[in-house]
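# Fold the following for me, if possible:
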Amino acid sequence: MYVKICGLTSVAAAEAAIAAGADAIGVVMNRTSPRRLEFGAAAEIVAAAGGRVDTVLVVNDMSAVEAAETAAKLGVAVLQLHGAYTREDFTDALAIVPRVWRATSLKADPDLTIGAFGEEALLLDAPKPGSGERWDLSELEARTPEGKWMLAGGLSPDNVVEAIRAVRPWGVDVSSGVEASPGVKDPQKVRDFIAAARSTGEA
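Got it, this is the predicted structure:
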């Protein structure tokens, strides 16, 4: 089970997530997010990771080109375009960086085919990303994607096992569900989340 810890705001939080066994860590540069980082702070976290895990830049309000250029400057492994980006946007981003993930919500009635926009992986989030709100997983039971897709939205150490068993994603993504307060990760919750996700034995 691939596990991404998103919305990290400090090097210490990144180190704790990596030590706990995360496969990926995410830094957010959305202008309205409580987890938003300036370029310098994001660069420090990416540099500290040192290639030990996938580093992911998450954006939803930059142009695709600006986002890709920022990702390239940061040196992240992956750019995650979240929200209303078009196929053309993904084409533009992929001309600049080699790995792009597509993040969306079922509320947008998206194409659930992995790679439909040229993306490496698909992330399905709640209608309000980062809100911690759970969504009705039964919506996925009849239309579960096949391949490299991640489940996000309201996950926590207490419910991630149930969620994984219900829809069997390739990976899971968490932010608010492992926080002590918005933007401040709780190292114990991070450890508990990763341990719970891996306890399912799902590949």
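
# Which phi and psi values does the closest residue to residue 108 other than its chain neighbours adopt?
Nearest non-adjacent residue to residue 108, counting by Cβ to Cβ, 6 or more residues apart in numbering: residue 84, 7.4 Å away. From N, CA and C alone the C-beta is placed, and that goes for glycine too. Backbone dihedrals for residue 84, given as degrees, to the nearest 10, come out at phi -90, psi 50.

# where does the protein have its least confident helix or strand?
helix 138-141 (a mean of 76; mean pLDDT, DSSP states H and E).

# buried set for that helix?
Within helix 138-141, the residues that count as buried by 16 or more other Cβ atoms under 10 Å are residue 140.

# from the chain's centre, how far out does that helix sit?
20 Å (Cα atoms, centre = their mean, to the nearest Å).

# Where is the longest helix in this protein?
Ranked by residue count, the top helix of the chain under DSSP state H comes out as helix 187-199.

# average pLDDT for that one?
Averaging pLDDT along helix 187-199 gives 98.

# what's next to that helix, contact-wise?
If you take Cβ atoms under 8 Å, 6 or more residues apart in numbering as the criterion, helix 187-199 is touched by 1, 3, 5, 13, 16-17, 20-22, 155-157, 160-161, 164, 172, 174, 177-180.

# where exactly do the strands run in this structure?
For the chain, applying DSSP state E gives strands covering 2-5, 24-28, 54-59, 78-82, 100-105, 121-125, 149-151, 171-174, 179-181, 184-185.
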